[in-house]
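Enquirer: next one to model:
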Amino acid sequence: MISKDLLKGSLKSIILKLLAENDRMYGYEITQKVSEITNTQVKLTYGALYPILHKLEKDGAVITETETVNNRNRVYYSLTKS
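Expert: A predicted model of the protein is given here:
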């Protein structure tokens, strides 16, 4: 099992890598991809994911786009040039 301290320090890097490889992603998609690439050893919770995404957005590392899918708003995150 992966230690919580190691995971906590790695989440930002994992999210940035996923966004670099996938152009843009939404929150649920990120959590599912993390689960898939770690063979379900890491279950990324929304409580851990969104504070990181919001900080990355505040720092100018990611931008958001909102689209309506099946009558629900979906927020996509993508990397900025910086």
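
Enquirer: tell me how many other residues crowd Ser82.
Expert: Other residues near Ser82 come to 7 when the count uses other CB atoms under 10 Å. C-betas here are computed from N, CA, C, even on glycine.

Enquirer: secondary structure class for the nearest residue to it once chain neighbours are set aside?
Expert: Nearest residue to Ser82, sequence neighbours excluded (CB to CB, 6 or more residues apart in numbering): Gly60, at 5.9 Å. Secondary structure assignment for Gly60 (DSSP: H, G, I helix; E, B strand; the rest coil): coil.

Enquirer: and the pLDDT for the residue of the chain most remote from its centre?
Expert: In the chain, the residue that sits farthest from the middle, by CA atoms, centre = their mean, is Asn71; the gap is 22.4 Å. With respect to pLDDT, Asn71 scores 95.

Enquirer: gap between it and Lys58?
Expert: Asn71 is 29 Å from Lys58, where distance means CB to CB, to the nearest Å.

Enquirer: can you give me the strands in this structure?
Expert: Using DSSP state E, the strands of the chain run over residues 24-26, 62-69, 72-79.

Enquirer: tell me who's in contact with the closest residue to Glu67 other than its chain neighbours.
Expert: For Glu67, ignoring the flanking residues on the chain, the nearest one in space by CB to CB, 6+ apart is Arg74 at 5.4 Å. Shown in contact with Arg74 (CB atoms under 8 Å, 6 or more residues apart in numbering): 26, 66-68.

Enquirer: now, of those residues, which are buried?
Expert: Buried members of those, scored by 16 or more other CB atoms under 10 Å, are Tyr26.

Enquirer: export the contacts of Arg74 as CSV, with columns for distance to Lys33 and pLDDT.
Expert: Output for the contacts of Arg74, formatted as CSV (distance: CB to CB, whole Å; pLDDT from 0 to 100):
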residue, distance to Lys33, pLDDT
Tyr26, 11, 97
Thr66, 20, 96
Glu67, 19, 96
Thr68, 22, 95
